[in-house]
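Enquirer: what shape does this take:
(one chain, ligands or ions: 2)
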Amino acid sequence: MSTSADIATDWLEGLSPEPGATKPDPILVADDVHRHYGGVVAVDVDHIEVQRHSITALIGPNGAGKTTFFNVMTAFDQPQSGNWRFNGDSMRGVKPYRMASRGMVRTFQLTKSLAKMTVIENMRLGAKNQIGERWYTGLMPFMWRSQEQAITERAEELLGRFNLAHMRDEYAGSLSGGQRKLLEMARALMTDPKLIMLDEPMAGVNPALKQVINSHIRELRDDGMTVLFVEHDMDMVHDISDWVVVMAEGRVIAEGRPDDIAANPAVIDAYLGAHQGQSLLEEGEIDDGFGEALDAGLTLEGGVIAGDDQPFIFADRKDGARQSTEDEDER
Ligand SMILES: Nc1ncnc2c1ncn2[C@@H]1O[C@H](COP(=O)(O)OP(=O)(O)O)[C@@H](O)[C@H]1O
Ligand SMILES: [Mg+2]
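Expert: Residues are numbered from 1 along each chain as shown. Ligands and ions are numbered 1, 2, ... in the order given. From the prediction side, this is the model:
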């Protein structure tokens with residue numbers, strides 16, 4: 001039996017874990033991408049390749065440039081320099097609303113204005129914006145209607161898949177934090193993307209829902225998509241990623257399989273540099289999850305998690321209790 005999941009990981013064999021590593025079949029290739037804001041270098045990526053049909057995690061401390069990289073790749077932000085190819089085509093200068101029709105989407109957080117629309121309207125908007133207003137409204141009325149109907153059908157199918165069908169006509173603003181994350185994902189799928197870029201899809205959601213999102217991400221890959229996602233929970237990254245790319249201070253500082261990354265001194269340095277002053281670490285009570293380089297105190301496992309604003313550190317003690325600088329469930 002050969003599922004797409006099996007196929008997806010064949011390429012890992014023999015791949016060398018180093019920044020800018022060449023992939024056998026990259027869907028996204030970026031070169032010399034530079035984005036600075038005044039004196040702040042947000043992105044300074046020499047070379048990066050994302051393997052087709054992979055689940056690739058993009059990790060790195062807060063401020064590393066992950067979101068800016070997503071913005072630049074999807075044309076929501078313009079770099080000072082850089083070239084990138086998606087599916088073989090140069091994307092430099094392509095308008096943001098054209099990106100989705102080319103097959104590349106990223107998730108967006110539910111903004112205030114979208115919160116005042118219903119769930120189904122949000123979904124329809126996902127398609128409409130992506131296809132492009134001009135093209136859309138320029139269609140003949142009868143075509144427009146059948147297009148409209150196809151969009152609604154697609155939206156309803158996705159709402160079912162993401163367990164949001166019962167919320168169809170509710171205001172998106174009334175959704176729970178976790179349901180919003182699901183809606184963001186569902187909306188991004190309206191245009192049948194080849195590459196979906198998820199920026200912290202699990203930030204601030206409870207552990208049970210993290211598992212749900214986790215299986216949705218696997219499903220996307222099994223359906224033939226490529227997933228590039230930003231996540232700070234190292235357990236989750238380890239669990240679902242085929243490959244991990246690490247950014248710090250705008251650069252790609254490491255790449256590899258999840259196991260390679262956990263033991264990489266450059267990665268440990270980057271996180272420690274970014275988390276200096278975390279009192280729990282200084283007390284030596286917890287392991288930050290990057291293992292042997294640190295003196296692990298009482299812990300078995302741990303990690304660095306960053307939510308929407310503040311990174312925090314957790315550790316699972318031998319007695320089973322989770323200790324953290326912030327209670328995960330209350331976020
Ligand atoms: N619109 C902006 N204006 C000024 N500085 C920005 C802007 N967006 C991002 N930055 C800066 O660029 C750097 C990278 O930010 P970001 O891409 O959000 O990092 P990450 O997503 O990895 O946390 C940070 O230093 C951030 O303060
Ligand atoms: Mg970010």
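
Enquirer: report the beta-bridge partners for the most centrally placed residue in the chain.
Expert: Residue closest to the average C-alpha location in the chain (C-alpha atoms, centre = their mean): Phe229, at 2.1 Å. Beta-bridge partners for Phe229, by DSSP bridges, are Ala57, Leu198.

Enquirer: if I look at it, how far off is Leu159?
Expert: In this view, Phe229 and Leu159 are 21 Å apart by C-beta to C-beta, to the nearest Å. In this view, the C-beta of every residue, glycine as well, is placed from N, C-alpha and C.

Enquirer: same question for Arg98.
Expert: Counting by C-beta to C-beta, the gap from Arg98 to Leu159 is 26 Å.

Enquirer: more neighbours: which of the two?
Expert: It is Leu159, of Arg98 and Leu159, that has more neighbours when counted by other C-beta atoms under 10 Å, with 22 against 16.

Enquirer: could you count how many residues lie near the residue in the chain that ligand 2 sits nearest to?
Expert: Closest to ligand 2 within the chain is Thr67: 3.2 Å, counting by C-beta to the ion. Thr67 has 19 neighbours, counted by other C-beta under 10 Å.

Enquirer: ok, it - contacts?
Expert: Applying C-beta atoms under 8 Å, 6 or more residues apart in numbering to Thr67 gives the contacts Asp199, Val230.

Enquirer: which SS class is it?
Expert: Secondary structure, DSSP: H, G, I helix; E, B strand; the rest coil: Thr67 is helix.

Enquirer: how close does it sit to Gln51?
Expert: Distance of Thr67 to Gln51, computed by C-beta to C-beta: 22 Å.

Enquirer: pLDDT on the helix of greatest length in the chain, on average?
Expert: Ranked by residue count and defined by DSSP state H, the top helix of the chain is helix 141-161. On average, the pLDDT along helix 141-161 is 83.

Enquirer: list the helices and strands it packs on?
Expert: helix 119-131, helix 133-137, helix 177-188 (3 or more C-beta pairs under 8 Å, 6 or more residues apart in numbering; DSSP states H and E).

Enquirer: now the angle from that helix to helix 177-188?
Expert: Calculated by axes from the mean of the first three to the mean of the last three C-alpha atoms, to 10 degrees, helix 141-161 forms an angle of 140 degrees with helix 177-188.

Enquirer: how far off centre is helix 141-161?
Expert: Centroid separation for helix 141-161 versus its chain: 26 Å, with C-alpha atoms, centre = their mean, to the nearest Å.

Enquirer: what comes up buried for that helix?
Expert: Gln147, Ile151, Arg154, Ala155, Leu158, Leu159 (16 or more other C-beta atoms under 10 Å).

Enquirer: contacts only, for the fourth one.
Expert: When you say that, I think you mean Ala155. With contacts defined as C-beta under 8 Å, 6+ apart, the neighbours of Ala155 are Ile120, Met123, Arg124, Gly126, Ala127, Met190.

Enquirer: over to the last one?
Expert: In this structure, Leu159 makes contact with Val119, Ile120, Met123, Ala165, Met167, Arg168, Ala186, judged by C-beta under 8 Å, 6+ apart.

Enquirer: so which of these sits lowest on pLDDT?
Expert: Among the contacts of Leu159, Met123 has the lowest pLDDT, at 91.

Enquirer: excluding its backbone neighbours, what's nearest that residue?
Expert: Of all residues not flanking Met123 in the chain, Ala155 sits nearest, at 3.6 Å (C-beta to C-beta, 6 or more residues apart in numbering).

Enquirer: how near is the one you found to Gly173?
Expert: Counting by C-beta to C-beta, the gap from Ala155 to Gly173 is 18 Å.

Enquirer: again with Ala270
Expert: Separation of Ala270 from Gly173 (C-beta to C-beta) stands at 37 Å.

Enquirer: who has more neighbours out of these two?
Expert: Ala270 (23 against 14).

Enquirer: residue contacts, that one?
Expert: Gly60, Pro61, Ala64, Val246, Ala248, Glu249, Ile253.

Enquirer: would you agree the fourth one falls within a strand?
Expert: Right, the one you point to is Val246. Yes. Counting by three-state DSSP, Val246 is found in a strand.

Enquirer: so what pairs up with it in the strands?
Expert: Applying DSSP bridges to Val246, the residues it is bridged with are Ile59, Ala254.
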